[in-house]
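Engineer: What follows is a predicted protein model with its sequence.
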Amino acid sequence: MKKVLDRLAQAVTHLKTIENFFIKKVPAYARNEERLEKLGRFYDEFARELYAGGRKDGHLGKGNRFHRGMTLADLLTYTVFGRGFYVLKASDVHRKAFIEIVMRISNKLLLQENISVDPKLRKGLLNALLSHRIPNFFEDDEQKTKIKQLKAYNGPIIWDKKGTEFYKIMDSILPKSRGLAIEFLIYLYLIHCRFGFVIPLLLHQRLITKGGLIAPPDFLVLKNDGRIFGIEVGSLKEGQNTNFITTTSIPTITAELDNDQPFRCPKCQQWITYCDQVIKTYSEGISKPNPFKCKNCKYFNKGRCQDIIFFGKIPKLTKGNRRYHYRCVAKEKTVKILIKKNRLNEHFKVWYPTASIIDALNEERNQKEKNC
């Protein structure tokens, strides 16, 4: 993303140069800016939607609600869906490259989220951010205190399990990394199969009409027979979905990635990213067989590939079959027994990011079933 963010910074510099030039040279232009400034807190709140110094849950109408993580996520979302679209439609080769770009961005987002379980990495990021002295990094003294508390905390942060009280503070310095990665991957699945025309609504938190507004799902899918379906990413959105359905009469489906992806390795507690083979073949339109056996992969390298997933039981760590970085459990007793029995390769599996819960909308599959 470095090149992309460099270009974004250049675009901001360009816009600021235009702004400063016209304020200085054109009186009418300057007067309009003065009128904006006279709006006071309302203009400030409008500007804060592009960068807020932390996170506060409150009443939006009272001006005491902001969320930097959402803002950062929206900027990345616009980069992918607002401008990246033009790369996607250029040619088949561009389409494949676009899918790889989005999958690798998703990997990077998951790797960012590892600051939740790596205190050293977390403190390093905080120090890097603080060293830049970003003017509005702290919206108020409360946010400054929260960051100090986060920096002093040396434990893991896993929602509803460990360090939960620090989660929202940490969430304010990242672009809702895991959640955004899942939204990107659901989008790729929607264009991976022929579900219909996909309309991303991730940047439209509310749809507005005179005297009212409504929270839409994350995507709309337009079918070629005139039907429309909403796709909401993630669970626990029943109230929002019900309101949207009853207001618009558009049926809405909740979508999750299969098998509760992305996976968190129970040993190191870090997220498992998607390997080169999965990214390459997925960009070519392949997602079967799922899971894919690592031993059949050209990158396997006799088990030395760093992206191998071990799927099985490690009794001293967790109950039941779980997915681990193989590098994390290679020396565990259970794994050594499998090596002796020559059964280790049976447990090497990686997963494509599919969301089969919405497969009923797949036009290609429905057509095949009709022809049977």
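Structural biologist: Yes, it's here. As the structure is a computational prediction, the values presented were derived from the model and not from experiment.

Engineer: tell me which residues in the biggest helix by length in the chain are buried?
Structural biologist: Ranked by residue count, the top helix of the chain under DSSP state H comes out as helix 2-25. Buried residues in helix 2-25, counted by 16 or more other C-beta atoms under 10 Å: Leu8. In this view, the C-beta of every residue, glycine as well, is placed from N, C-alpha and C.

Engineer: if I look at Leu202, how far off is Met70?
Structural biologist: 11 Å (C-beta to C-beta, to the nearest Å).

Engineer: is it true that Leu50 touches Thr71?
Structural biologist: Yes: assessed by C-beta atoms under 8 Å, Leu50 is found in contact with Thr71 at 6.3 Å.

Engineer: Of those two, which one has the most company?
Structural biologist: Thr71 (18 against 11; other C-beta atoms under 10 Å).

Engineer: Surely that one and Gly54 touch.
Structural biologist: No: assessed by C-beta under 8 Å, Thr71 is found out of contact with Gly54, at 10.9 Å.

Engineer: for this protein, what are the low-confidence residue spans?
Structural biologist: 363-372 (pLDDT under 70).

Engineer: Tell me where it has strands.
Structural biologist: 55-56, 66-67, 197-200, 207-209, 212-214, 219-222, 228-233, 252-255, 292-293, 309-312, 322-325, 349-350 (DSSP state E).

Engineer: The fifth one pairs with which strands?
Structural biologist: Going back to what we said before, that points to strand 212-214. When sheet partners are counted by DSSP bridges, strand 212-214 sits next to strand 207-209 (antiparallel).

Engineer: for the strand it pairs with, which positions count as buried?
Structural biologist: So, applying 16+ other C-beta under 10 Å, strand 207-209 has no buried residues.

Engineer: Counting neighbours, what do you get for the closest residue to Leu39 other than its chain neighbours?
Structural biologist: Residue nearest to Leu39 in three dimensions, not counting chain neighbours: Phe46, with 8.0 Å by C-beta to C-beta, 6 or more residues apart in numbering. Around Phe46 there are 11 other residues, counting by other C-beta under 10 Å.

Engineer: any idea how far Asn127 is from Phe46?
Structural biologist: 31 Å.

Engineer: Equivalent analysis for Val87, please.
Structural biologist: In terms of C-beta to C-beta, Val87 sits 35 Å off from Asn127.

Engineer: neighbour-wise, which of those two wins?
Structural biologist: Neighbour tally, Val87 and Asn127, criterion other C-beta under 10 Å: the higher count belongs to Val87, 14 against 10.

Engineer: Isn't the more buried one up against Val93?
Structural biologist: No: between Val87 and Val93 there is no contact under C-beta under 8 Å: 10.3 Å.

Engineer: For stretch 218-238, which outside residues touch it?
Structural biologist: 179, 182-183, 186-187, 190, 195-202, 216-217, 240-241, 244-245, 250-256, 358, 361, 363 (C-beta atoms under 8 Å, 6 or more residues apart in numbering).

Engineer: how about a cut-off of 7 Å?
Structural biologist: 182-183, 186-187, 190, 195-202, 216-217, 241, 244, 250-256, 358, 361 (C-beta atoms under 7 Å, 6 or more residues apart in numbering).

Engineer: Next, find the distance separating the closest residue in space to Gln306 that isn't next to it in sequence from Tyr274.
Structural biologist: Closest residue to Gln306 apart from its sequence neighbours, by C-beta to C-beta, 6+ apart: Arg327 at 6.1 Å. Distance, Arg327 to Tyr274, using C-beta to C-beta: 16 Å.

Engineer: same deal with Ala128?
Structural biologist: 26 Å.

Engineer: neighbour-wise, which of those two wins?
Structural biologist: Neighbour totals were compared for Ala128 and Tyr274, and Tyr274 leads with 22 against 9 (other C-beta under 10 Å).

Engineer: Run through the residues that contact the more buried one.
Structural biologist: Applying C-beta under 7 Å, 6+ apart, the residues near Tyr274 are Met103, Asn107, Pro353.

Engineer: Give me the buried entries from the contacts of stretch 218-238.
Structural biologist: Buried among the contacts of stretch 218-238 by 16+ other C-beta under 10 Å: 182-183, 186-187, 190, 195-196, 198-202, 216-217, 241, 244, 252-256, 358, 361.

Engineer: can you give me the end-to-end distance of stretch 209-223?
Structural biologist: 25 Å (C-alpha to C-alpha, to the nearest Å).

Engineer: gap between Asp359 and Phe219?
Structural biologist: Counting by C-beta to C-beta - Asp359 and Phe219 are separated by 15 Å.

Engineer: With Phe197 instead?
Structural biologist: For Phe197 relative to Phe219 (C-beta to C-beta), the value is 10 Å.

Engineer: Count the neighbours of Tyr299 for me.
Structural biologist: Neighbour tally, Tyr299, other C-beta under 10 Å: 14.

Engineer: How about the contacts made by it?
Structural biologist: Applying C-beta under 7 Å, 6+ apart, the residues near Tyr299 are Asp276, Gln277, Cys305.

Engineer: Try it again at 10 Å.
Structural biologist: Counting by C-beta atoms under 10 Å, 6 or more residues apart in numbering, Tyr299 makes contact with Cys275, Asp276, Gln277, Lys280, Cys305, Gln306, Asp307, Ile308.

Engineer: neighbour-wise, which of those leads?
Structural biologist: Ile308 (23 neighbours).

Engineer: I'd say that one and Cys297 touch.
Structural biologist: Yes: counting by C-beta atoms under 10 Å, Ile308 touches Cys297, with 8.8 Å between them.

Engineer: hey, what's in contact with both of the two?
Structural biologist: In contact with both Ile308 and Cys297: Cys275, Phe348, Val350, using C-beta under 10 Å, 6+ apart.
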